[in-house]
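# return atomic coordinates for the entry below.
(2 chains)
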Amino acid sequence: MTVRAVKFLAALVALVVAGLVCSQAAVARSQQQPVFRSRSDLVSINVSVRRGNVPVNGLQAADFEVFDNGVRQNVDWLSYEAVPIDVTFFLDTSPSLSGLLEELKRDIAKIERMLRPTDRLRLLTFGYQVTDVFGWQSAGGDLRLAEATMGRISSVYDGIFLALMQRPEVDRRHLVIAMTDAMDASSLVDTKQLRAVADRAEAVLHVVLMNSTYKLSPWMPPPWVAIPIESGVSALDDVAGRTGGKQHSAMFGRASVVNAFQQAFEDFRQSYILRYTPTGVVRSGWHDVKVGVPGQGRLTIRARRGYFGS
Amino acid sequence: MPRAGVAAILLSLALLLPPHPDRALARPQVPASPDATALLQRYAAGEHAAVARELARVSDFSLLRKDLEKSVPAWVARSPAGQRRRQNLVAATFLLEVLNAGLETEWRQLRPLLELGCGLAQGAGLPDAEERLWLLASIALAGGARDAFLLLGEPGSGRGHLAHARGRVPDEVRLLLADPVAREFLLPAEPPRSGDDGNLNSQTARGHKRELTSQFAKIATIPAIAAEAEMRSGYLWFQLGNNREALAHLKIADERSTDPYVTYLARFLAGRVLQKEQQPVLAEQAYRSALDTMAGIQSASEALAALLFVDGRADEAYTVVGRSFERRPLPADPWRLIGYGDFRRFPGLLDQLRETIK
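Below you'll find the model as predicted:
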């Protein structure tokens, strides 16, 4: 099915089905708690600093300016590279990406070889539900990629949600790499909930966005599309941005998929971790966080946009 | 549901079916199909699991189907007259194994095997317990394929497999439940999360859903299927946006159910309705009670975790999600199977058939 056909299908489904916009207002309005790591009063921020496409290395804590709700903070801890990384691969195994599945599995094996022995990884996919092909394991283990087969559903948001819902561990960082065409057709969580979770999660999400590529048997039975098809390209871009990650387009062939993988991984590995104890701000509610590196010329700085405090 | 209405929806769905531009790619490069008669012979000798594993590795079902259409009748015909009934049942059950192996990718080309199996399962006289079992298993499997055409009949032509089964075993109450469930296969499941919601087509679908609630209400008087009928009715009312009615039916389903699958769904769906009603505290209770019924199931775990996480209870949310990944293999999620009719019962029915033909 081409992207055009998918859009046509989505439009038709939208026309056929009665509309009840799923309101999760109560969820969104509910009171929030902090997402600090290790100590209840400590905020941890992953910060990517690049000049063009090149990471900027060697910065010190004093080089950074951090504003929490507009109030300058003292960065009291900075780490670069030394912290082990936990990588969750979320591989979209929906029928719309069936044509790429085998190549993507090979790409995961390539990326796995970039990890250090102290790093860990796991792989999430979906069949009838989101499943972990393998749970957390050290780099170099058996990836069991043969077990990742085409699923009957397309729960992209559920997969990313469950990937982000990982209890943070002290002195480890969590990177989620989602490989998807952003075509969701059966998730329980919607983009509004996903954004809310992204605001609170400590993991950094990078989305590798691919073209839908079908390689289906003509004899396949229709799946149960629990929730009509929803294109989430812009939503996932926003969700990734909220975590301090980004969406990488890999819609122009195989090489771009691998490059996008590598870019996401390198971007994360070479990012700084800033920690500070918020001072001069009210603890509760949403905290806007702005990070700058003054005096270094024109840089691209990416970090989570804020956090909820209690 | 009027026949014209069904036909209109079937036509709409036919238009919705996506084209398959990569059909040529879907063909295996190297044909691989085992010898059908040899497999059937091993199956008859009791190698059920081994044969099922072998069938799961078949890459060319078109060859196998053609082979089976010729070899199965011949194999049965060769059996001694005294063993004919058993051999018929063996062959019919074997064909279900083949259909199951190709369910997710090859169903539409394997469907004729179900008709072949149906003829074999049918005894010479009145229906026996084995034929009833085979019919229930075949209907459960067709649910796994969401094959409304096979179950209800092609529009404007003949009766479907369900009508045939009802003719053979009219006292089988699960067939009463299977009818509205198969009609649900023809309708969109849930409303869109955004976009147009007020047009003629959606009104048509809503009208059919209301008719199905009436059909479920009629069969909800039969104790053996009452709870599931109420649960499915509650889900339809939820889809129709009548949350009060949905909660009422889901509550009855919960009270009457003795089946963990139905109880779980009644509670999980009540949680979704309550969430939509902006009652997060009650929704949380509903999700927790669903998980009390079936621990670690992903749908309620995820819905509960989403509520907890945005409520600032991240530790609880992490624990709930962690538990949902603990069991191996992951337990089947009733919510993910609700759209496939009685398919969740297929493994158990197949086991019973295997026992019968030992």
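# for B:Thr356, what are its contacts?
Neighbouring residues of B:Thr356 by CB atoms under 8 Å, 6 or more residues apart in numbering or on different chains: B:Leu89, B:Thr93, B:Glu130, B:Leu133. (Glycine included, C-beta is placed from N, CA and C.)
# any quick ChimeraX command for the buried ones out of these?
In ChimeraX syntax, the buried subset of the contacts of B:Thr356 is picked out as below (16 or more other CB atoms under 10 Å in any protein chain shown):
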select /B:89,93,130,133
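# now the helices for the stretch 151-300 of chain A?
Remark: helices assigned in the stretch 151-300 of chain A by DSSP state H, counting those that start in this stretch are A:156-164, A:191-200, A:233-243, A:254-269.
# ignore the last one, the stretch 51-200 of chain B
Per DSSP H, counting those that start in this stretch, the stretch 51-200 of chain B carries helices over the ranges B:61-78, B:84-101, B:103-121, B:129-144, B:148-152, B:161-168, B:173-184, B:200-219.
# okay, the angle between the fourth one and helix B:84-101?
Between the direction of helix B:129-144 and that of helix B:84-101, the angle (axes from the mean of the first three to the mean of the last three CA atoms, to 10 degrees) works out to 10 degrees.
# and helix B:129-144, what's buried?
In terms of neighbour count (16+ other CB under 10 Å), helix B:129-144 has its buried residues at B:130-144.
# now the fifth one
For helix B:148-152, burial by neighbour count (16+ other CB under 10 Å) applies to B:Ala148, B:Phe149, B:Leu150, B:Leu151, B:Leu152.
# out of those, which is nearest to B:Ser71?
Comparing the buried residues of helix B:148-152 against B:Ser71 with CB to CB places B:Leu150 closest, at 23.1 Å.
# quick one: the closest one from B:Val181, how far?
B:Leu150 sits 13 Å away from B:Val181, going by CB to CB, to the nearest Å.
# and for A:Pro294?
According to CB to CB, A:Pro294 and B:Val181 sit 65 Å apart.
# please say which of these two ends up with more neighbours.
Using other CB atoms under 10 Å in any protein chain shown as the criterion, A:Pro294 and B:Val181 rank with B:Val181 on top: 27 against 9.
# re earlier: out of the helices of the stretch 51-200 of chain B, which is closest to A:Glu202?
Checking the helices of the stretch 51-200 of chain B against A:Glu202 by CB to CB gives helix B:103-121 as the closest, at 36.8 Å.
# show me what counts as buried in that closest one.
Buried, per 16+ other CB under 10 Å, within helix B:103-121: B:103-111, B:113-114, B:116-118, B:120-121.
# same check, this time on stretch A:83-92
In stretch A:83-92, counting by 16+ other CB under 10 Å, buried: A:Pro84, A:Ile85, A:Asp86, A:Val87, A:Thr88, A:Phe89, A:Phe90, A:Leu91, A:Asp92.
# which residues touch the last one?
Going back to what we said before, that points to A:Asp92. Applying CB under 8 Å, 6+ apart to A:Asp92 gives the contacts A:Thr125, A:Phe126, A:Ser154, A:Val156, A:Gly159, A:Ala178, A:Met179, A:Thr180, A:Asp181.
# again, but for B:Ser324
By CB under 8 Å, 6+ apart, B:Ser324 lies in contact with B:Gly296, B:Ile297, B:Gln298, B:Ser301, B:Glu302, B:Leu330.
# got it, and A:Val43?
If a contact means CB under 8 Å, 6+ apart, then A:Val43 has A:Phe36, A:Asp68, A:Arg275, A:Tyr276, A:Thr277, A:Pro278, A:His287, A:Val289, A:Tyr307 as its contacts.
# look at the residue nearest to the fourth one when sequence neighbours are not counted and say how many residues are nearby.
This means A:Tyr276. In space, not counting the residues next to it along the chain, A:Tyr276 is nearest to A:Gln73; the distance is 4.5 Å by CB to CB, 6 or more residues apart in numbering or on different chains. By the measure other CB under 10 Å, the count of residues near A:Gln73 is 22.
# ok, now B:Ser257?
21.
# wait, it sits on B:Ala229?
No: the pair B:Ser257 / B:Ala229 is not scored as a contact, 10.9 Å apart, by CB atoms under 8 Å.
# burial count for A:Met210?
By other CB under 10 Å, 24 other residues sit near A:Met210.
# grab the nearest non-local neighbour of B:Phe238.
Spatial nearest neighbour of B:Phe238, chain neighbours left out: B:Ala246 (4.1 Å); criterion: CB to CB, 6+ apart.
# doesn't the one you found belong to a helix?
Yes: B:Ala246: assigned to a helix according to DSSP: H, G, I helix; E, B strand; the rest coil.
# any idea how far it is from chain A?
Going from B:Ala246 to chain A by CB to the nearest CB, to the nearest Å gives 12 Å.
# who's in contact with that residue?
Applying CB under 8 Å, 6+ apart to B:Ala246 gives the contacts B:Gly234, B:Tyr235, B:Trp237, B:Phe238, B:Leu269, B:Val273.
# how about a cut-off of 6 Å?
For B:Ala246, the contact set (CB atoms under 6 Å, 6 or more residues apart in numbering or on different chains) comprises B:Gly234, B:Trp237, B:Phe238, B:Val273.
# and what of B:Leu187?
By CB under 6 Å, 6+ apart, the contact set of B:Leu187 is B:Ala205, B:His208.
# pop out the phi and psi values for it.
In terms of degrees, to the nearest 10, the main-chain angles of B:Leu187 are phi -110, psi 150.
# restrict the contacts of B:Thr356 to those that also contact chain A, please.
Among the contacts of B:Thr356, proximity to chain A is found for none (CB under 6 Å from any CB of the partner chain).
# excluding chain neighbours, what is closest to the residue of the stretch 201-310 of chain A found nearest chain B?
Proximity of the stretch 201-310 of chain A to chain B (CB to the nearest CB) peaks at A:Trp224, 3.0 Å away. Take A:Trp224 and drop its neighbours on the chain: the residue closest to it by CB to CB, 6+ apart is B:Gly339, 3.0 Å away.
# how close does the closest residue to B:Phe346 other than its chain neighbours sit to chain A?
Of all residues not flanking B:Phe346 in the chain, B:Ala140 sits nearest, at 4.1 Å (CB to CB, 6+ apart). Between B:Ala140 and chain A the distance is 14 Å, computed by CB to the nearest CB.
# now for B:Ala140: which residues touch it?
Counting by CB under 6 Å, 6+ apart, B:Ala140 touches B:Asp342, B:Phe343, B:Arg345, B:Phe346, B:Leu349.
# and those, which two are furthest apart?
B:Phe343 and B:Leu349 (10.2 Å).
# I'd say A:Leu121 and A:Val87 touch.
Yes: A:Leu121 lies in contact with A:Val87 (CB atoms under 6 Å); the separation is 4.5 Å.
# the host helix or strand of A:Ile45 pairs with which strands?
Per DSSP states H and E, A:Ile45 falls inside strand A:43-51. Looking at strand A:43-51 with DSSP bridges, its partner strands are strand A:54-55 (antiparallel), strand A:272-276 (antiparallel), strand A:300-303 (antiparallel).
# redo the ones you listed as TSV? Include mean pLDDT and mean neighbour count.
TSV is the format used below for the strands paired with strand A:43-51 (pLDDT from 0 to 100; neighbours: other CB atoms under 10 Å in any protein chain shown):
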stretch	mean pLDDT	mean neighbour count
strand A:54-55	86	12
strand A:272-276	91	21
strand A:300-303	92	18
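# please list all residues in contact with the closest residue in space to A:Val233 that isn't next to it in sequence.
Distance criterion CB to CB, 6+ apart; nearest residue to A:Val233, sequence neighbours excluded, is A:Ala182 at 4.7 Å. Listed by CB under 6 Å, 6+ apart, the contact set of A:Ala182 reads A:Gly232, A:Val233, A:Leu236.
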